[in-house]
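In: Okay, here's the prediction I keep looking at, along with the sequence it came from:
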Amino acid sequence: MIGFLRGKVTHVFSDYCFLDVRDVGYRVFISHATRTHLSVGEEVMLYVHTHVREDALLLYGFFSQEEYDLFQHLIGISGIGPKVAQGILSATTANDFYRMIHQKDVKAITKLPGIGKKTAERIILELKDKLASTSFDAATDTNDITEIGDGMGDMAAEATEALLSLGFQQSEIQSVFKKKSDGESTEELIRYALAELQRF
């Protein structure tokens, strides 16, 4: 099995990239969190999970060990395959997901793509003990969408709601807004975020 791949990023798409490893191009499926660390032309190392199907051999890559470990936990749960697990990793951060498990927040977990109530309950049941010793930032609220600069809370909340309605993920929006220290209006924040998000 492949443990990791180190090579040059040649192409980056919404959910996968091409990695040139000694003139062999590997298609590696990635989450949004990993995608933000990739730049075309630069070398990167990705931890890799190999998924073997009857008709295909698929590679899933992760920039961090933490993301890789969470992926392994998820696919070990009945009813969750690699595609759903990758969707979860794109929709939330590992820190927020750990918090949902510790707080047994079924409602929050069902908001993740591909997860119904029964699956959410199964996730909590199977992972609560495995993740019991996992540390996470308890000071951060799962519903906090204003992690930007001082004095931007209301505008950030309004801009985030607008961007969510356009189909962007909260984790994407937060990562963009963290780079922004000020703003004159909600409209300005939305324009800024759209320009940044469309780069991916």
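Out: Okay, I see it.
In: In this structure, where is pLDDT below threshold?
Out: 132-154, 164-165, 167, 169-171, 179-184, 198-200 (pLDDT under 70).
In: Only the C-alpha atoms, please, for stretch 31-51, written as CSV.
Out: Below are the C-alpha coordinates for stretch 31-51, written out as CSV (Å, rounded to 0.1, in the frame of the first residue of the first chain):
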residue,chain,number,x,y,z
SER,A,31,-10.6,17.8,0.4
HIS,A,32,-11.0,21.5,0.5
ALA,A,33,-8.6,21.7,3.5
THR,A,34,-5.8,20.0,1.6
ARG,A,35,-6.5,21.9,-1.6
THR,A,36,-5.8,25.2,0.2
HIS,A,37,-2.2,24.0,0.7
LEU,A,38,-1.6,23.1,-2.9
SER,A,39,-0.1,25.4,-5.6
VAL,A,40,0.6,24.3,-9.2
GLY,A,41,4.3,23.9,-9.8
GLU,A,42,5.2,23.4,-6.2
GLU,A,43,6.3,20.1,-4.5
VAL,A,44,4.1,18.6,-1.8
MET,A,45,3.9,15.5,0.3
LEU,A,46,0.4,13.9,0.7
TYR,A,47,-0.5,11.1,3.1
VAL,A,48,-2.4,8.6,0.9
HIS,A,49,-5.2,6.1,1.4
THR,A,50,-5.6,3.6,-1.4
HIS,A,51,-9.2,2.5,-2.1
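In: buried stuff in that stretch?
Out: Using 16 or more other Cβ atoms under 10 Å as the test for burial, stretch 31-51 gives Ser31, His32, Ala33, Thr34, Arg35, Thr36, Leu38, Val44, Leu46, Tyr47, Val48, His49. From N, CA and C alone the C-beta is placed, and that goes for glycine too.
In: mind listing which of these are in helices?
Out: Under the assignment DSSP state H, the buried residues of stretch 31-51 contribute His32, Ala33, Thr34, Arg35 to helices.
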